[in-house]
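Student: I would like the atomic coordinates for the input below:
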Amino acid sequence: AYAAHHKENIYYPFASLQEWELASFLLCLSLSMAAINQFLRLELQVKSLSLSFHTAKDLRGHSELLPAVPKWQYRIISMTHPMKQPLHLYWRDLLDCIEALFNHPHFVNELDLTPTCVYDTVDCTMWKYGE
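Tutor: Sure, this is the predicted structure:
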């Protein structure tokens, strides 16, 4: 369901980039639901933006529709030499991270997958190769 709506509106479940930015700002501030409700009731706020959410509960509901971010995984690595503390290896699944980047509204106009030639010299005779 999310993918179908996301194709029509890259900021889904929010209506626009501005609404997504406001929602992200409010959610990242760790405000109480009462404080978010108080902000959303401001006369200036309501008149200047036509938001698809009007309460903290609506905002939370919208945010729960967003796809989950890749989960951290970890493993304790056993070493052949004695150590004071066990060695923990943390990682995320690479394909999940790539999928999250492609679905993130901030990167919609930032990802450029067009192959380009980078030259080492001014006269463009020496190509530079890399990964």
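Student: tell me how far stretch 121-130 is from the chain's mean position?
Tutor: 35 Å (Cα atoms, centre = their mean, to the nearest Å).
Student: and the lowest mean pLDDT element among the helices and strands of the chain?
Tutor: Ranked by mean pLDDT, DSSP states H and E, the weakest helix or strand in the chain is helix 43-48, scoring a mean of 65.
Student: tell me how far the nearest residue to residue 91 once chain neighbours are set aside lies from residue 55.
Tutor: Closest residue to residue 91 apart from its sequence neighbours, by Cβ to Cβ, 6 or more residues apart in numbering: residue 73 at 5.7 Å. No exception for glycine: its C-beta is placed from N, CA and C like everyone else's. Going from residue 73 to residue 55 by Cβ to Cβ, to the nearest Å gives 36 Å.
Student: buried stuff in the lengthiest helix in the chain?
Tutor: Longest helix of the chain, by residue count under DSSP state H: helix 17-28. By 16 or more other Cβ atoms under 10 Å, the buried positions in helix 17-28 come out as 19, 20, 22, 23, 26, 27.
Student: ok, then the element right after it?
Tutor: helix 33-40 (DSSP states H and E).
Student: and the pLDDT at residue 129?
Tutor: Residue 129 carries a pLDDT value of 69.
Student: ranges for the strands of the chain?
Tutor: Using DSSP state E, the strands of the chain run over 73-77, 87-91.
Student: nearest to residue 109, out of those strands?
Tutor: If you check each of the strands of the chain against residue 109 by Cβ to Cβ, strand 87-91 wins as the nearest, at 29.0 Å.
Student: what residue is smack in the middle of the chain?
Tutor: Centroid-nearest residue in the chain: residue 104, 4.7 Å away (criterion: Cα atoms, centre = their mean).
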